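>>> A structural model of the following input is requested.
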Amino acid sequence: MTDGEATSGSSNANILKNNIVTDIPNTFIGFGIDHDATLLNEIGSVEKGAYYFIDKLENSGLVYGEITHEIIYKVFDNIEIEMEGKDVEIYDWKSNEWTSSLVFDKLIKEKEL
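Modelled structure (predicted):
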């Protein structure tokens, strides 16, 4: 959990992303409305990464509950949906483009995408 503002060292997202171990899940939590959402969203975009935002202390339980739910109720890892047929595409919200396949790091039971 962080305000996203580097106290020391680099605040370059690409440099920070290179230091993240992607063999394990990484969860980045930005706290407060003044945190560096752009930085945390960028480093949370790594493989097996996630970024969450807590606007005020009263909502922290909701965010921690969602994170815990995703850990406990994970059904599958590395899911790929492929669309077959002429001119059939699916929207990839991470890249903001239409594509013929979509990859999910994980599939969570009872969670809407």
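>>> What strands flank the helix or strand harbouring Val103, and is each parallel or antiparallel?
Per DSSP states H and E: Val103 is located in strand 101-108. Here strand 101-108 is paired, per DSSP bridges, with strand 74-82 (antiparallel).
>>> helices or strands up against the following helix or strand past the strand it pairs with?
Per DSSP H and E, the first helix or strand lying C-terminal to strand 74-82 is strand 90-92. On a contact count with 3 or more C-beta pairs under 8 Å, 6 or more residues apart in numbering; DSSP states H and E, strand 90-92 meets strand 97-99, strand 101-108. Just so you know, the C-beta spots here come from the backbone N, C-alpha and C atoms, and that holds for glycine as well.
>>> could you give the mean pLDDT of the longest helix that the chain contains?
Secondary structure of the chain per DSSP state H: the longest helix is helix 60-72. Helix 60-72 shows a mean pLDDT of 89.
>>> again, but for stretch 12-21
Mean predicted lDDT for stretch 12-21 stands at 91.
>>> just stretch 78-93 next, same as before
pLDDT averaged over stretch 78-93 gives 85.
>>> ok, Ala13 to Asn41 distance?
9 Å (C-beta to C-beta, to the nearest Å).
>>> That should have said Asp55, apologies.
15 Å.
>>> what's the answer for Ile72, then?
25 Å.
>>> again, but for Asp34
Counting by C-beta to C-beta - Asp34 and Asn41 are separated by 15 Å.
>>> Counting neighbours, go ahead and name the busier of Ile72 and Asn41.
Neighbours were counted for Ile72 and for Asn41 using other C-beta atoms under 10 Å; Asn41 has more, 16 against 9.
>>> hang on, the more buried one in a helix?
Yes: secondary structure of Asn41 (DSSP: H, G, I helix; E, B strand; the rest coil): part of a helix.
>>> That one: what's it in contact with?
By C-beta atoms under 8 Å, 6 or more residues apart in numbering, the contact list for Asn41 reads Tyr51.
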